[in-house]
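> 3D, please:
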Amino acid sequence: MTELAPSILAADFAALGEAVAACEAAGADRIHVDVMDNHFVPNLTLGPEAVAACRRHTRLPLEVHLMIERPDEILPAFVEAGAQLLTVHQEACPHLHRSVERIHRLGAEAGVGINPATPVSMLDVILPELQLALVMSVNPGFGGQAFIPAALDKLRALRQRIDRDRLRCRLEVDGGVGADNAAACQAAGADVLVAGTAIFRAPGGISAGVACLRERLGTRPGSGTVTPVEDVPPARRSV
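Model (predicted):
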């Protein structure tokens, strides 16, 4: 089933705990945390402390999207803070296989993201090692950007490869996802839709934003594949 991952980049940081709890109550499947360093992308956002704060307010799995240079140095801090999945960028990791291996050694699941101008072929070698492949549908750095339609072709190509080789890898899309393109992303093969503005700034609030996307996707609240964190041993937490 297609899962929803609200991106807290669009949340009210003054009430972050309440926003995260509201996402869980509304039927979200996981929480997406965007980490930016003002080097790899032109913005500066969150660190491990924010992940730890989210962990205190939800049982949903936390996926951390590291849009930073030299991510290997800070991976342990995010796992210690409560992240179950860490996504690094192909463009930021000169030794990508080593970065993915380190994530696995820390007991977390590994994802790799690619920017809009990066071809999907850059994931060819690493894809069998991943639990998540992330297609950016905006240039990373800021929320509220318009969806880049070419991302749909990239989703289709990766979906074909994942299905052909029977890989145990989820396919995620992030950037400009909303009610007008959610179904198209689903049809192109996305397993997980990251949505920020469409959820946290929906006219009717978080619950209305999640419900609207669920309606477009034809899925029920809580119909994803994730398992609540407290119900599984740490070494087996899965998203």
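> I'd guess residue 163 is in a strand, am I close?
No: Residue 163: not assigned to a strand; according to DSSP: H, G, I helix; E, B strand; the rest coil it is helix.
> gap between it and residue 127?
Distance of residue 163 to residue 127, given as CB to CB, to the nearest Å: 12 Å. (Glycine included, C-beta is placed from N, CA and C.)
> what about the spatially most central residue of the chain, which SS state?
Of all residues in the chain, the one closest to the mean position by CA atoms, centre = their mean is residue 32, 4.9 Å from it. Of the three states, residue 32 takes strand according to three-state DSSP.
> Tell me the bridge partners for it.
Applying DSSP bridges to residue 32 gives these bridge partners: residue 7, residue 63.
> wait, isn't it in contact with residue 66?
No: taking contacts as CB atoms under 8 Å, residue 32 lies outside contact range of residue 66: 11.8 Å.
> residues contacting residue 41?
67, 140, 141 (CB atoms under 8 Å, 6 or more residues apart in numbering).
> switch the cut-off to 10 Å
The contact partners of residue 41, by CB atoms under 10 Å, 6 or more residues apart in numbering, come to 34, 35, 67, 68, 69, 89, 92, 115, 139, 140, 141, 142.
> so residue 48 sits right up against residue 64, yeah?
Yes: using CB atoms under 10 Å, residue 48 is in contact with residue 64, at 8.7 Å.
> who's more crowded, the two?
residue 64 (29 against 19; other CB atoms under 10 Å).
> Mind checking which of the contacts of residue 41 are buried?
34, 35, 67, 68, 89, 92, 115, 140, 141 (16 or more other CB atoms under 10 Å).
> Would you agree the second one is in contact with residue 69?
No: using CB under 10 Å, residue 35 makes no contact with residue 69, being 11.5 Å away.
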